[in-house]
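# what follows is a predicted structure for the sequence shown.
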Amino acid sequence: MLHSRDTWGDAFAEKGLLLSPGIAHMYTVSEIAANIALEPGGYDTLDILVLWKGLPTYASTQTIFTILKAEWYYLEQNQLVPWDHTSAYDVTVPGYHEQAIAVPWGGMSHPIWFQNDPRVGNVRAIGGVLNRAVMQGVGQTVQMFEEQIKPLDAAAQEKALGDIAASLQADMPPRENPRLNRSVDSVHASGPLGRTHVVIHGNSNYKQTGLLQAFAAFSLIQQAPHRVGFASACQAFGHRELLGQLRGFGLVGQPVVTTV
C-alpha cells in the first residue's frame, strides 16, 4: 500500500487516474463502517475488527504469506507505528457469545487510508476468521516465519512460503454458502466526549469483493471518481454508495449503529 501510494500516487493524480488497491471485503466493508461511525463528528480514534467464516482460496493463501514479509503499521497520533508481527488478541464478536482470535494481518489498509484524514489521528485494525483453531495455526505460522524463514535470503523465503501455502490450501474451497460464509465488520469510533459503534453483518465475503470491484469498474466507465490518485474505495466512490450496492445484492445487512 505504501509503495503504491508513494511510487505512483502523484503520477496517477496528474493524469486524472485512480489508484485504489485493496477494494475487497476485508478492507472496504469495515471502511464503510468506519465512515458511518465518524459521521457524528468529534471523534479521532478508530478501532476496527474484521472477521469472517470460510476458507481462503489458493491465491488468497499466497497473498497472506506475502504479507509476512512486509512491515505492519497502525496509526498513532498521525504517525505510522510498527506492529509486533506476533501480536494476537482475544476479541469479543458482536452477535456471538464466543470469543475469537484476531491478528494485525499486515496492519490492514485502514491506517494508510486514514493517515491524512483530518478527522482521524489513531487507527488500529485487526482481523481473522471465526475459527479459533485456524487462527491459532496462523499465530504459530507467524512465529515460525519470524524464527525460521525471515533470516533466509529472498529466494529461500519465497520457496519456503510457497511450500507452506500449497500445503495449507492447494484447491479451491467450496462455493460460498450464505448460511455458512458470514462476515462481521465492527468499528468503534471514539473521541474525548463520546463514541459510536457500528457493526455490519454480511455473508459471502468473496462475492462482496467481486461486487465492490465490479461497481468500481462500472462507475469509472460512467463518471470520474470523487478523488484521483491514491484513494480508498470509499474516498473514490462514497461509502454510502458502496453500502447501497452491497445492500441491494443482499450481501450485507443494515448497519447497527450505537452512539453514546
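Sure thing, it's come through. Numbering: from 1, shown residues only.
# only C-alpha atoms for contact and neighbour calcs from this point on.
OK.
# so where's the stretch 151-260 of the chain uncertain?
Residue ranges of the stretch 151-260 of the chain with pLDDT under 70: 168-170.
# check contacts around Lys15.
Neighbour list for Lys15: empty [criterion: Cα atoms under 8 Å, 6 or more residues apart in numbering].
# before we move on, what about Ala165?
With the criterion set at Cα under 8 Å, 6+ apart, Ala165 makes contact with Tyr58, Thr61, Gln62, Phe65.
# number of nearby residues for the first one?
In this case it means Tyr58. 17 (other Cα atoms under 10 Å).
# tell me if I'm right that it and Asp171 touch.
Yes - with contact taken as Cα atoms under 8 Å, Tyr58 and Asp171 are classed as touching, separated by 6.2 Å.
# quick one: secondary structure of Ser4?
Reducing the assignment to helix, strand or coil with DSSP: H, G, I helix; E, B strand; the rest coil, the entry for Ser4 is helix.
# residues in contact with it?
The contact partners of Ser4, by Cα under 8 Å, 6+ apart, come to Phe230.
# quick check: phi and psi on the most centrally placed residue in the chain?
Centroid check for the chain by Cα atoms, centre = their mean gives Tyr27 as the closest residue, at 2.7 Å. Backbone torsions for Tyr27, taken as degrees, to the nearest 10, come to phi -120, psi -40.
# so Ala189 is in contact with Ala34, correct?
Yes - taking Cα under 8 Å as the definition, Ala189 is a contact partner of Ala34 at 7.2 Å.
# comparing those two, which residue is more hemmed in?
Neighbours were counted for Ala189 and for Ala34 using other Cα under 10 Å; Ala189 has more, 29 against 26.
# that one should be in a helix, yeah?
No - residue assignment for Ala189, taken from three-state DSSP, gives strand, which places it outside any helix.
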